[in-house]
Structure formats: C-alpha cells, structure tokens
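K.L.:
Got a predicted structure here, sequence first:
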Amino acid sequence: MFKFFKKEQLSQNITHEISEVKGMTIVDAYYIQDDQVELYKQDRERYSDALIYILSQYFSDVDRMFEGSDDGEAIVAFQNGEPKKCIYLNPETIDQLRIYEQEMPLKQSIIKLCNLEHNH
C-alpha cells in the first residue's frame with residue numbers, strides 16, 4: 001500500500017500554500033512517500049496504458065484527462081460522445097489494481113475494477 005495523501009487535504013489545514021512535505025513528493029494531485037515515487041509512477045503509466053487499451057474494447061472513445069485538476073488525472077471512457085466511465089489514476093486505483101493483479105491477469109483486473117463483466 002502506498003503512503004499518500006491528497007494535496008488539497010493538506011492545504012485545507014494550513015493557511016499558506018505548501019509545496020513540499022518532508023519525505024514526500026507530489027505526483028499529480030497526491031503526495032507520495034519518496035521511496036515509492038518511482039514505482040508509483042511506473043505502475044501509474046503501465047495501468048493508464050492498460051486501462052486505455054481495455055476500455056477501448058468496450059467504448060467508442062477513451063481519453064486520459066484532467067491533468068492538473070484537484071482530483072488528478074483520470075481515464076475517461078465515452079460512448080457516442082457521452083462519458084460512461086471515469087477511472088482516476090490515484091493511489092487507491094493503483095493499489096487496487098496491484099491487489100487484483102496478484103490474483104488474476106491484468107485484463108481481468110481492469111474488467112473487475114471497471115465493472116465491465118456484464119458489458120460484453
């Protein structure tokens with residue numbers, strides 16, 4: 001499990017904007033423990049690519065969106081221009097995919113995470 005917290009949660013408790021937290025690095029909208037940053041970034045990119053690939057088999061258009069937003073980046077799946085799925089690339093998602101991937105192949109992990117079992 002990653003040790004992390006959301007940048008916005010920290011800022012609510014402090015009157016001035018904080019840009020550094022000792023022992024942590026900001027990645028997108030989350031502070032990640034320094035010794036986990038590289039692995040987190042690698043897994044995040046790997047899962048992002050896999051999410052786009054798998055969701056593209058179920059939906060007409062899939063995009064990586066919301067860079068720089070308060071909630072962080074997400075993979076958004078559209079069907080005929082309507083957003084149907086939004087999977088945030090946050091520490092909870094990355095951890096959940098890691099857990100699933102220990103039990104099943106990555107494709108099945110993504111299908112389970114995105115509740116796509118009944119869509120095809």
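P.N.:
Yep, that arrived. Just so it is clear, the structure is predicted and the values come from calculations on it, not from any experiment.

K.L.:
tell me, what residue is most central in the protein?
P.N.:
When C-alpha atoms, centre = their mean is applied to the chain, the residue found nearest the centroid is residue 89 (1.1 Å).

K.L.:
Could you double-check that that residue sits in contact with residue 44?
P.N.:
Yes: Residue 89 sits in contact with residue 44 when judged by C-beta atoms under 8 Å, with a separation of 5.4 Å. Where you see a C-beta, it was placed from the backbone N, CA and C, and this is true even at glycine.

K.L.:
and residue 25, what does it touch?
P.N.:
Residues near residue 25 by C-beta atoms under 8 Å, 6 or more residues apart in numbering: 31-32, 34, 37.

K.L.:
Tell me the first helix or strand C-terminal of the strand or helix carrying residue 53.
P.N.:
Using DSSP states H and E, residue 53 sits within helix 37-55. Following helix 37-55 in sequence order, the next helix or strand is strand 61-65 (DSSP H and E).

K.L.:
list the buried ones in that next one?
P.N.:
Residues of strand 61-65 classed as buried by neighbour count (16 or more other C-beta atoms under 10 Å): residue 62.

K.L.:
ends of stretch 27-46, how far apart?
P.N.:
Stretch 27-46 has an end-to-end distance of 15 Å (criterion: C-alpha to C-alpha, to the nearest Å).

K.L.:
do stretch 26-46 as well
P.N.:
End-to-end distance for stretch 26-46: 19 Å, by C-alpha to C-alpha.

K.L.:
Check the offset of it from the chain's centre.
P.N.:
Centroid separation for stretch 26-46 versus its chain: 10 Å, with C-alpha atoms, centre = their mean, to the nearest Å.

K.L.:
Could you measure from the residue nearest to the centre of the chain over to residue 49?
P.N.:
Remark: distance between residue 89 and residue 49 (C-beta to C-beta, to the nearest Å) = 11 Å.

K.L.:
got a list of what residue 52 touches?
P.N.:
Contacts of residue 52 by C-beta under 8 Å, 6+ apart are 62, 64, 75.
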